[in-house]
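**Q** sharing a sequence plus its predicted fold:
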Amino acid sequence: MNYSRRKFLKTGALTAAGAALASNSLLAFKKQGHIVGVQLYSVRDDMKKDPSGTLKKVSEMGYKYVEHANYIDRKFYGYSATDFKKLLDDLGLQMKSGHTVMGKAHWDESKKDFTDAWKYTVEDAATCGQQYVISPWLDDSYRKTTDDLKRYMEVFNKSGELCKKSGMKFGYHNHDFEFSQKLDGVKVFDLILQNTDPALVAQQLDIGNMYHAGGIALDIMKQYPGRFELMHVKDEIKTTGAGEMGGQYESTILGKGVIPVKEVIDLGKKSGGTTQFIIEQESYQGMAPVDCIKQDLEIMKGWKY
């Protein structure tokens, strides 16, 4: 069924006052401090088998915040936005951010407008109480040339405007190609940051992903102070097998790898503009994923986070 433009406009009108309040709340939240959460992709198999049971374990180990990585056909892990919000509420959890790739199915170039699918994505994110709608990928068709990428960064900014109407902010999460691929001699990552409005588009810095392409988090944060409102807290260890993203490294328990995680998150808090520190571990070295994220949280607490 096509999304009703009238309904969309009506929804926007009804949420206008709420958007202003939400924006004020976000500013107040930033002044209060930071949060530590977990990216549910860390326990993806568990979430696939038993989302409610897994979230219960996540809550019991001390997490208060989660970030989703599963939104399909207007459902989060099989739940409608309203039902998933209730599930989180019942477990004492909040979801301030979530990952949904914004791609070709979401922008109608002929109409210069977002498709119903992306409008629903933003609407459902707001229902769940998100502050950030984050796209964790950039289709290679949008990064063939500098001009291609710059044009799509305008779509990023427009997505930020759309999210702002519901009191949220659009965001982007890096992998490794942003640091290995260059267009006219400029790294894709630099082009993204130079052509997006910080007031509309937040950056979620994955400090592990970039390492696969030679990116050093401390250097990037010093280059762009204040630009990283969110961070994926991750450590990397060399592997003898096939690593993540086809590289030589895979994620591991915080503090056991090659990344100076404590130094990075301290800099994020001090000058990176970071308010949300999201733990993510994608490889487990023989341990159970739930046990890994429990250890990760304990380590963060030991670091006074």
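**A** Perfect, I can see it now.
**Q** from now on I want contacts and neighbour counts done on CA atoms only, so please keep to that.
**A** OK.
**Q** list the contacts of residue 179.
**A** Shown in contact with residue 179 (C-alpha atoms under 8 Å, 6 or more residues apart in numbering): 187, 188, 189, 210, 213, 214, 215.
**Q** check the residues you listed and tell me the two furthest apart.
**A** Greatest spatial distance among the contacts of residue 179 (C-alpha to C-alpha): 188 and 214, at 13.7 Å.
**Q** neighbour count winner among those two?
**A** residue 188 (21 against 11; other C-alpha atoms under 10 Å).
**Q** work out for me the element the spatially closest residue to that one that is not a sequence neighbour sits within.
**A** Spatial nearest neighbour of residue 188, excluding adjacent residues (C-alpha to C-alpha, 6 or more residues apart in numbering): residue 178 at 4.7 Å. Residue 178 belongs to helix 177-180 when assigned by DSSP states H and E.
**Q** convert the C-alpha atoms of that helix to CSV, please.
**A** The C-alpha trace of helix 177-180 is given here as CSV (Å, rounded to 0.1, in the frame of the first residue of the first chain):
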residue,chain,number,x,y,z
PHE,A,177,36.2,1.2,2.4
GLU,A,178,35.7,4.8,3.4
PHE,A,179,39.4,4.9,4.3
SER,A,180,40.8,2.7,1.5
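**Q** could you number the chain from 58 rather than 1 from now on?
**A** Done: numbering now begins at 58, and the last item shifts to helix 234-237.
**Q** could you identify the helix or strand that succeeds that helix?
**A** Defined by DSSP H and E, the subsequent element after helix 234-237 is strand 239-240.
**Q** how distant is that following strand from the center of its chain?
**A** 24 Å (C-alpha atoms, centre = their mean, to the nearest Å).
**Q** now tell me what touches that strand from outside.
**A** 200, 201, 202, 203, 245.
**Q** are any of those buried, and if so which?
**A** Among the contacts of strand 239-240, those classed as buried by 16 or more other C-alpha atoms under 10 Å are 200, 203, 245.
**Q** any idea which of the residues you listed is the one closest to residue 209?
**A** residue 200 (8.7 Å).
**Q** next one: the closest one from residue 167, what distance?
**A** Using C-alpha to C-alpha, to the nearest Å, we find residue 200 at a distance of 19 Å from residue 167.
**Q** picking that back up, now list whatever residues contact both of residue 245 and residue 271.
**A** Jointly contacting residue 245 and residue 271 under the rule C-alpha under 8 Å, 6+ apart are 236, 237.
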